[in-house]
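S.K.: Only the shape, not the letters, is given here:
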């Protein structure tokens, strides 16, 4: 009879909520400020209440299964996408890399004893996938023109591998964001309300990611808190509404941070891509370009 011995469980089973209050007021230049602290000077302001859901930070489980030959380390993937996992074998002390299919579990390695700790790395997606140069539709629903404020290799924040080929599109808070390509929603985070430019905000942005047929992901970052219209596992078509734009996380103002992501071998990176306009012409996004979104739902 098999006995399951749980080694690590990184998926929280609780669904808790956190309540809070924000202050809305205008600064000396007339810009709106949203903060968890009231203005320092005496002036009029509004208070906004919010409820913030606590979500699990990981969806990967590692556990040992005892059998007649010893122990087998298994990995379980609860994402709606394949993942790649890498770790040092407790037997050979060599690195093992395995791809775990979406919503599945596989045997990772065998041992004559169970090891209490296994350090591992992981990345979303299958590293063997190859991007098919798909021309992407506009990622927002609006007949209004929106300016690209930062494009590929932007000097402000598009300098590392994960952001190198991202595009920032300035837009009003609350603009509908739409699917650029059909796919499956694999990541939804819309529980954060603040923004700033210090290191503290680096990992705070609200994000939706959609998996495409070629194994790449479209990523929509800085979305407005509590506006996601989809959930993980949902299928979406081109033009489907996903959420509303905002300025959450590492951000200087309301905009959409859009990118196409793939797994390059235990590392998610941004890759170059092209948009397609209403006349069917593909173009590479450039800084200061004006993009027009969809005019129909």
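M.R.: That came through fine. It should be emphasised that the depicted structure is a prediction, and the values quoted were computed from it without experimental measurement.

S.K.: Would you map the strands across the stretch 101-250 of the chain?
M.R.: 104-111, 120-124, 135-136, 140-141, 145-150, 167-170, 176-178, 183-189, 195-196, 207-211, 217-221, 235-236, 241-244, 249-250 (DSSP state E, counting those that start in this stretch).

S.K.: what comes into contact with the fourth one?
M.R.: For strand 140-141, the external contacting residues (Cβ atoms under 8 Å, 6 or more residues apart in numbering) are 146, 169, 171, 175-178, 239, 241, 245, 256, 293-294, 297. Heads up, the C-betas are built off the backbone N, CA and C, glycines and all.

S.K.: Let me have those residues in a markdown table, extended by pLDDT and distance to residue 274.
M.R.: Output for the contacts of strand 140-141, formatted as a markdown table (pLDDT from 0 to 100; distance: Cβ to Cβ, whole Å):
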| residue | pLDDT | distance to residue 274 |
| --- | --- | --- |
| 146 | 95 | 17 |
| 169 | 96 | 15 |
| 171 | 95 | 20 |
| 175 | 95 | 22 |
| 176 | 96 | 22 |
| 177 | 97 | 19 |
| 178 | 97 | 17 |
| 239 | 95 | 18 |
| 241 | 97 | 23 |
| 245 | 95 | 22 |
| 256 | 95 | 17 |
| 293 | 88 | 16 |
| 294 | 71 | 17 |
| 297 | 48 | 24 |
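
S.K.: filter those to the buried ones?
M.R.: Buried subset of these (neighbour count, 16 or more other Cβ atoms under 10 Å): 146, 169, 171, 175-178, 239, 241, 245, 256, 293-294.

S.K.: Pipe those residues into CSV and attach distance to residue 97 per row.
M.R.: As requested, those are exported to CSV (distance: Cβ to Cβ, whole Å):
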residue, distance to residue 97
146, 40
169, 36
171, 39
175, 40
176, 39
177, 34
178, 35
239, 37
241, 37
245, 37
256, 33
293, 40
294, 40
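
S.K.: I'd like to know which of those residues is nearest to residue 62.
M.R.: Residue 62 has its nearest neighbour among the buried ones among the contacts of strand 140-141 in residue 177, at 34.5 Å by Cβ to Cβ.

S.K.: what residues go with each domain of this protein?
M.R.: 3-10+56-124, 17-53, 135-292 (automatic domain parsing).

S.K.: Quick one, which of the strands of the stretch 101-250 of the chain gets closest to residue 61.
M.R.: strand 104-111 (7.9 Å).

S.K.: burial of the nearest residue to residue 87 once chain neighbours are set aside, as a residue count?
M.R.: Using Cβ to Cβ, 6 or more residues apart in numbering and skipping residues adjacent in sequence, the residue nearest residue 87 is residue 120, 3.7 Å away. By other Cβ atoms under 10 Å, 16 other residues sit near residue 120.

S.K.: Quick one: residues contacting residue 120.
M.R.: Per Cβ under 8 Å, 6+ apart, neighbours of residue 120: 62, 85-87.

S.K.: can you rerun that using 7 Å?
M.R.: For residue 120, the contacting residues are 85-87, by Cβ atoms under 7 Å, 6 or more residues apart in numbering.

S.K.: Same question for residue 241.
M.R.: By Cβ under 7 Å, 6+ apart, the neighbours of residue 241 are 141, 176, 178, 229.

S.K.: swap in residue 71?
M.R.: Taking Cβ under 7 Å, 6+ apart, we find residue 71 in contact with 64-65, 111, 113-114.

S.K.: can you check residue 229 too?
M.R.: 241-243.

S.K.: next one: residue 243
M.R.: Applying Cβ under 7 Å, 6+ apart to residue 243 gives the contacts 177, 190, 208, 220, 223-224, 227-229.

S.K.: try 10 Å
M.R.: By Cβ atoms under 10 Å, 6 or more residues apart in numbering, residue 243 lies in contact with 175-178, 188, 190, 206-208, 220, 223-230, 256.

S.K.: Look up how far residue 112 lies from the residue lying farthest from the centre of the chain.
M.R.: Farthest-out residue of the chain from its mean C-alpha position, per Cα atoms, centre = their mean: residue 68, at 41.6 Å. Using Cβ to Cβ, to the nearest Å, we find residue 68 at a distance of 11 Å from residue 112.
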